[in-house]
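> Sharing a sequence plus its predicted fold:
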Amino acid sequence: MARLLAFLYGALAYVVFFVTFLYAIGFVGNMIVPKSIDSGPTAATLTRALIANIILLSIFAIQHSVMARPAFKRLWTRIVPQPVERSTYVLLASGALIRLFWQWRSMPDVVWSVENAAGRYILWGLFFLGWATVLVSTFLINHFDLFGLRQVYMYKQGQEYTDLNMTERFLYKFVRHPIMLGFIIAFWSTPHMTYGHLLFAAVTTVYILVAIQLEERDSVSIHGEAYEDYRRRVSMLVPIPKGR
């Protein structure tokens, strides 16, 4: 029964994540969803909106980075069973994003607006290419492990969890962090850039650059010289060949 409950919990966490991911596309792109980055309530002043939105972004950034660190996981799994640790992380990260969507204060003043039809199509194409890059990249490293389903499934089957190996498949041959690259492309590619969207794109880009440094440190500690060699051969975000 415990194994079945753990699996159901992991499946629920995954569904919450996936719905949140789809909502994020609509939120950033100002499409379909009831409340997007440029719609909804505004604060009394631009300063209040700025402070509120930075706090919301910081809550997600802190939760997302701190809980991903190995040292925190070792402490956390004294409370949360190991098989559902990743699912719990995913659920809390989704919760932080849902709070951001809910409490975000729009800052609708325009920074730039592309009126040329070809330019708009190019930017929308890049927007969807960014999100597609994110999703494809998760499957290249094991989508279901990344979001906790593999862990709870193996636990339900009575199998011992095994760590994933490094991958250099497809996009990972060109950049070490295609998921992060996809997010950056998606967040900046818009024909209608407002102050709110600019704040979101700028803060998340800074966070991504910081988070990559933490992730790389963890990867070196796990994979050792193999990852160091990978860093020497493959660029971090910009797909430019590196000298050996």
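Sure thing, it's come through.

> buried residues in the helix or strand hosting Glu215?
Here Glu215, judged by DSSP states H and E, is contained in helix 195-223. Judged by neighbour count (16 or more other C-beta atoms under 10 Å), helix 195-223 contains these buried residues: 195-201, 203-204, 207-208, 211, 215-216, 219. The C-beta positions use only the backbone N, C-alpha and C, and glycine is treated the same way.

> now stretch 143-155
Applying a neighbour-count criterion of 16+ other C-beta under 10 Å, the buried positions in stretch 143-155 are Asp145, Leu146, Phe147, Gly148, Leu149, Arg150, Gln151, Val152, Tyr153, Met154, Tyr155.

> Would you mind putting those residues into JSON lines with pLDDT, secondary structure and distance to Ile62 alongside?
Shown next, in JSON lines, are the buried residues of stretch 143-155 (pLDDT from 0 to 100; DSSP: H, G, I helix; E, B strand; the rest coil; distance: C-beta to C-beta, whole Å):
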{"residue": "Asp145", "pLDDT": "96", "secondary structure": "helix", "distance to Ile62": "24"}
{"residue": "Leu146", "pLDDT": "94", "secondary structure": "helix", "distance to Ile62": "20"}
{"residue": "Phe147", "pLDDT": "96", "secondary structure": "coil", "distance to Ile62": "20"}
{"residue": "Gly148", "pLDDT": "95", "secondary structure": "coil", "distance to Ile62": "20"}
{"residue": "Leu149", "pLDDT": "96", "secondary structure": "helix", "distance to Ile62": "25"}
{"residue": "Arg150", "pLDDT": "96", "secondary structure": "helix", "distance to Ile62": "26"}
{"residue": "Gln151", "pLDDT": "96", "secondary structure": "helix", "distance to Ile62": "24"}
{"residue": "Val152", "pLDDT": "96", "secondary structure": "helix", "distance to Ile62": "26"}
{"residue": "Tyr153", "pLDDT": "96", "secondary structure": "helix", "distance to Ile62": "30"}
{"residue": "Met154", "pLDDT": "96", "secondary structure": "helix", "distance to Ile62": "30"}
{"residue": "Tyr155", "pLDDT": "95", "secondary structure": "helix", "distance to Ile62": "28"}
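
> Beyond the helix or strand of the chain with the lowest mean pLDDT, next helix or strand please.
For the chain, using mean pLDDT, DSSP states H and E, the weakest element among its helices and strands is helix 70-76, scoring a mean of 90. Elements were assigned by DSSP H and E; along the chain past helix 70-76, the next helix or strand is helix 85-103.

> Check which element follows that following helix along the chain.
Helices and strands here follow DSSP H and E; after helix 85-103, the next one along the chain is strand 110-113.

> Off-centre distance for that next one?
Taking C-alpha atoms, centre = their mean, to the nearest Å, one finds the center of strand 110-113 at 26 Å from the center of the full chain.

> likewise stretch 42-62?
Taking C-alpha atoms, centre = their mean, one finds stretch 42-62 lying 19 Å from the centre of the chain it belongs to.

> Okay then, goodbye and thanks.
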